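S.K.: quick one: sequence and predicted model below, then my questions.
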Amino acid sequence: MPNVWGNFPDWGLTIILILWLVLETVLAFALFNHRRASYILTYCIALFVLVFHIWYFIDQSKISMYPVEFSHISYFVFSVSVVFGSKKMQSFAGFCGMLTGLAFLIAGCFSPQSMLDDAASGVSLFISVMRHELLWLGGLLLFLNVARFNIKDIWISVLGIALIVGFSFLVHYHIIYPDFVKWDDMVIIKIAEGTILSYVVSGELPMAVRVLTVIGIFILVAAALVAYFKVNNLVYDRRLKKQLMHGGKEDALELGIIPLVKYLFKRAGVTKLPRPHFKKSKEYNCDELEAMQETGVCTEPQNREKADDKA
């Protein structure tokens, strides 16, 4: 697509992205000791992201554009996890949000011209920046101010990333969305195949460079994921300890459809769902089995003592 921006410098976009991300980060840190306000803001962001992207991709499907990139799927992972209030998924949601926003900033620093070339107008560019950077703010609020993520749930993030990559390859090979128009220009495929450096390096990349790129990105993502959980636990525990020392208490506010359903069940007096009761199988000892073989009479276990007393 030709550049419609005239003499607008590409470094101008880089500065805009950096300032936008810095302002959002300052806002998140300003709300550091205000979990309730952070949670409400995160929920509002998630609700907006969900509603907007349901409309956006329904509209884009008319021109065979679908949510296939990592950032596209992150919109729904983040928004659905927060809107529904799934604690298990919120760690993955926060990671996806922060990674999406940060990756967009990195792309804007190293290849801003490609973003300008892809944008048809100022409105479309603004929407693109807003979509990605809102995920940074929402993910940072979840990570920094809202939730404590259990390191045991790291497998959810690992599995989630693997499924997203697998899904993208199915799209790339026309198994899913065969009419998708940009199947050969997917960023996540370029990362998985080690050709992402083609944005900054001209010419064909040697296979050794591609392999090292994939290995390097894999190590970087793994290290970032572990650090993500460790730092979250450290920050959350220190803030909670400080609150308790000053006479405060942990804010137990939970928003979402799942917490609402649990609350309604609790109000109705249903604390646990009824479980089916199964009749225990009868147990016999060796003497009892021999007696059954000789006499053909079965003595019930619960009546065993009574039978012995009568004897």
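M.R.: Now that the structure is in, tell me what you want to look at. Numbering: from 1, shown residues only.

S.K.: least confident secondary structure element in this structure?
M.R.: Lowest on mean pLDDT, DSSP states H and E among the helices and strands of the chain sits helix 304-310, with a mean of 48.

S.K.: show me where pLDDT drops low in the stretch 101-250 of the chain?
M.R.: The model of the stretch 101-250 of the chain has no residue with pLDDT under 70.

S.K.: do a quick rundown of the helices in it.
M.R.: Applying DSSP state H, counting those that start in this stretch to the stretch 101-250 of the chain gives helices spanning 112-118, 122-141, 154-172, 187-192, 207-245.

S.K.: any idea how far the fourth one is from the chain center?
M.R.: Meaning helix 187-192. Between the centre of helix 187-192 and the centre of its host chain there is 19 Å, according to C-alpha atoms, centre = their mean, to the nearest Å.

S.K.: can you check the longest one too?
M.R.: Distance, stretch centre to chain centre, for helix 207-245: 14 Å (C-alpha atoms, centre = their mean).

S.K.: surely Lys190 is in contact with Ser198?
M.R.: Yes: between Lys190 and Ser198 there is a contact under C-beta atoms under 8 Å: 6.9 Å. Any C-beta I mention is one placed from the backbone N, CA and C, and that applies to glycine too.

S.K.: residues contacting Gly216?
M.R.: With C-beta atoms under 8 Å, 6 or more residues apart in numbering as the criterion, no residue contacts Gly216.

S.K.: quick one: it from Phe104, how far?
M.R.: 20 Å (C-beta to C-beta, to the nearest Å).

S.K.: excluding chain neighbours, what is closest to Thr213?
M.R.: Leaving out its chain neighbours, the residue that sits closest to Thr213 by C-beta to C-beta, 6 or more residues apart in numbering is Gly194, at 4.1 Å.

S.K.: could I get the phi/psi values of the one you found?
M.R.: Phi and psi for Gly194, reported as degrees, to the nearest 10, are phi 80, psi 20.

S.K.: my guess is it meets Phe218, correct?
M.R.: No: Gly194 lies out of contact with Phe218 (C-beta under 8 Å); the separation is 10.4 Å.

S.K.: give me the more crowded residue out of the two.
M.R.: Neighbour count, other C-beta atoms under 10 Å: between Gly194 and Phe218, Gly194 has more, with 20 against 12.

S.K.: the residue most central in space within the chain: which element?
M.R.: Nearest to the centroid of the C-alpha atoms of the chain, with distances taken as C-alpha atoms, centre = their mean, sits Ala93, at 2.5 Å. Secondary structure assignment for Ala93, by DSSP states H and E: helix 87-110.

S.K.: what about that helix, distance to the chain center?
M.R.: 9 Å.

S.K.: what's that helix packed up against?
M.R.: helix 10-30, helix 70-84, helix 112-118, helix 122-141, helix 154-172, helix 207-245 (3 or more C-beta pairs under 8 Å, 6 or more residues apart in numbering; DSSP states H and E).

S.K.: dump those to JSON lines, plus distance to Ala147.
M.R.: Formatted as JSON lines, these follow (distance: least, C-beta to C-beta, whole Å):
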{"stretch": "helix 10-30", "distance to Ala147": "13"}
{"stretch": "helix 70-84", "distance to Ala147": "10"}
{"stretch": "helix 112-118", "distance to Ala147": "32"}
{"stretch": "helix 122-141", "distance to Ala147": "10"}
{"stretch": "helix 154-172", "distance to Ala147": "13"}
{"stretch": "helix 207-245", "distance to Ala147": "8"}
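
S.K.: quick one: closest of those helices to Val261.
M.R.: The minimum distance between Val261 and the helices and strands packed on helix 87-110 falls on helix 70-84, with 9.8 Å, by C-beta to C-beta.

S.K.: any idea which of the helices and strands packed on helix 87-110 gets closest to Ala252?
M.R.: Across the helices and strands packed on helix 87-110, closest to Ala252 is helix 207-245 (C-beta to C-beta), at 11.7 Å.

S.K.: tell me which helix or strand comes right after the closest one.
M.R.: Following helix 207-245 in sequence order, the next helix or strand is helix 257-267 (DSSP H and E).

S.K.: ok, Tyr228 touching Phe143?
M.R.: Yes: counting by C-beta under 8 Å, Tyr228 touches Phe143, with 7.0 Å between them.

S.K.: ok, those two, which is more surrounded?
M.R.: Under the criterion of other C-beta under 10 Å, the comparison of Tyr228 against Phe143 puts Phe143 first, with 24 against 21.

S.K.: how many residues are close by the nearest residue to the more buried one once chain neighbours are set aside?
M.R.: Using C-beta to C-beta, 6+ apart and skipping the chain neighbours, the partner closest in space to Phe143 is Gly94 (4.5 Å). Gly94 has 29 neighbours, counted by other C-beta under 10 Å.
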